[in-house]
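1. Using only what follows, build the 3D model:
(one chain, ligands or ions: 1)
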Amino acid sequence: MDHARDSFSFNGQRILVTGASSGLGRACAVFLSGLGARLVLSGRDERKLEATRLSLVGSGHVTSVFDLTRLEDISAWIAGLTADGPLSGLVHSAGVAKTLPVKATDAATFRQVMSVNTESAFALARAFRQKKSFLAPASIVFIASIAGIVGYAGLSAYSASKAAIIGMARSLAMEFARDGIRVNCVSPGFVMTEMTRAEQSFLTPQQVAALEADYPLGFGEPEDVASAVSFLLSASGKWITGSNLVIDGGASTLR
Ligand SMILES: NC(=O)c1ccc[n+]([C@@H]2O[C@H](COP(=O)([O-])OP(=O)(O)OC[C@H]3O[C@@H](n4cnc5c(N)ncnc54)[C@H](OP(=O)(O)O)[C@@H]3O)[C@@H](O)[C@H]2O)c1
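-> Have a look, this model is predicted:
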């Protein structure tokens, strides 16, 4: 029984969560703190990061403001963060969604989505693996999306960014296994957060109802994603790497 409980416990392990100022990242941080992790919370908005920090269980949590479009600086940033102690886990939840028809998606928009969602994921994984930055056994979880495996009109750039993360995680998993670092993705369906609230504001109530009808179990909650992320980060997931766990109330199966 103790073994079962211990395999879900983080017992002071340091975990970096990007996108921790909002939505799924904030929910992951809160959930992980309840399991004993010490969090490094990252995002761009200091005030919102501090609000997350104040909502965590336990002590020793810190915030670090960083804009992930500064791809060239990610390595030095992670080296600086880990000077105080190595990381056992990374949750990359920072991301942007742009619902735009193809004709309104210019090259700069496409690149911006790829930069925040995907290129930063690669740079973070690369930096995490630097000597002294991680403590094995370690685990990385990228928040992808069912848009990476199912088509949605208006989401071409976003879908590309998420499909790329899913493919990248498989190869990173192969390359990092020898270092004792597992790499996995979760692919959530629709969960109400600031991101989806903004997207939903463009829809009529009828369109929202039609979207929800695609979800046999209804829309998800941030904690549904946080618990799956925690499982993949924890010792309970120690034989899982290169996977993509779909968390979508059955939406992608229905399609
Ligand atoms: N909600 C859903 O239904 C859903 C479904 C599938 C996948 N996802 C994915 O889940 C992840 C989290 O989404 P969410 O719903 O929690 O969205 P959210 O509430 O809008 O949060 C997005 C987070 O990303 C951070 N971020 C954005 N651009 C950044 C940048 N350039 N540098 C650093 N941080 C940046 C934001 O930080 P600041 O606010 O501090 O700038 C914020 O913390 C995203 O990758 C999203 O694609 C969400």
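2. When you work out contacts or count neighbours from here on, use the C-alpha atoms and nothing else.
-> OK.
3. Residue numbers of this structure in contact with the ligand?
-> 19-25, 43-45, 66-69, 93-97, 116, 143-145, 188-196 (Cα under 6 Å from any ligand atom).
4. Just the buried residues of those residues.
-> If you count burial by 16 or more other Cα atoms under 10 Å, the buried members of those come out as 19-25, 43-45, 66-69, 93-95, 97, 116, 143-145, 188-192, 195.
5. Which of these fall within helices?
-> Judged by DSSP state H, the subset of those located in helices is 23-25, 195.
6. Helix or strand: which one has residue 125?
-> helix 120-128 (DSSP states H and E).
7. the helices in the stretch 151-255 of the chain, which residues?
-> Assigned by DSSP state H, counting those that start in this stretch, the helices in the stretch 151-255 of the chain fall at 156-176, 194-200, 205-213, 222-233, 251-254.
8. what's the angle from the first one to helix 120-128?
-> Helix 156-176 and helix 120-128 meet at an angle of 20 degrees, taking axes from the mean of the first three to the mean of the last three Cα atoms, to 10 degrees as the criterion.
9. Could you list the alpha-carbon positions for helix 156-176 in CSV?
-> Written as CSV, here are the backbone C-alpha positions of helix 156-176 (Å, rounded to 0.1, in the frame of the first residue of the first chain):
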residue,chain,number,x,y,z
SER,A,156,-3.9,24.6,-39.4
ALA,A,157,-1.0,26.4,-37.7
TYR,A,158,-2.0,25.3,-34.2
SER,A,159,-2.5,21.6,-35.4
ALA,A,160,0.9,21.7,-37.1
SER,A,161,2.5,22.9,-33.9
LYS,A,162,0.9,20.2,-31.8
ALA,A,163,1.4,17.3,-34.3
ALA,A,164,5.1,18.3,-34.4
ILE,A,165,5.4,18.1,-30.6
ILE,A,166,3.9,14.6,-30.6
GLY,A,167,6.4,13.4,-33.2
MET,A,168,9.3,15.2,-31.6
ALA,A,169,8.5,13.6,-28.2
ARG,A,170,8.8,10.1,-29.6
SER,A,171,12.3,10.8,-30.9
LEU,A,172,13.4,12.7,-27.8
ALA,A,173,12.2,9.7,-25.8
MET,A,174,14.5,7.4,-27.8
GLU,A,175,17.5,9.7,-27.4
PHE,A,176,17.0,10.6,-23.8
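10. Which neighbouring elements make contact with it?
-> On a contact count with 3 or more Cα pairs under 8 Å, 6 or more residues apart in numbering; DSSP states H and E, helix 156-176 meets helix 107-114, strand 181-188.
11. Deepest in the core, which of these is it.
-> With neighbours defined as mean count of other Cα atoms under 10 Å, those peak in mean count at strand 181-188, which reaches a mean of 26.
12. For that one, name the packing helices and strands.
-> With contacts taken as 3+ Cα pairs under 8 Å, 6+ apart, strand 181-188 sits against strand 134-143, helix 156-176, helix 222-233, strand 244-247.
13. Could I get the average pLDDT for it?
-> The average pLDDT within strand 181-188 is 98.
14. Need the contact partners of it.
-> By Cα atoms under 8 Å, 6 or more residues apart in numbering, the list of residues contacting strand 181-188 from outside reads 136-146, 148, 165-166, 169-170, 172-173, 176, 225, 228-229, 232, 238, 240-248.
15. let's see it at 6 Å
-> 138-146, 169, 173, 241-248 (Cα atoms under 6 Å, 6 or more residues apart in numbering).
16. got the CA coordinates for it in CSV?
-> Written as CSV, here are the backbone C-alpha positions of strand 181-188 (Å, rounded to 0.1, in the frame of the first residue of the first chain):
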residue,chain,number,x,y,z
ILE,A,181,14.7,11.0,-18.9
ARG,A,182,11.3,10.0,-20.1
VAL,A,183,9.4,12.2,-22.6
ASN,A,184,5.7,12.0,-23.1
CYS,A,185,2.8,14.1,-24.4
VAL,A,186,-0.8,14.6,-23.3
SER,A,187,-3.4,15.7,-25.8
PRO,A,188,-6.4,17.3,-24.2
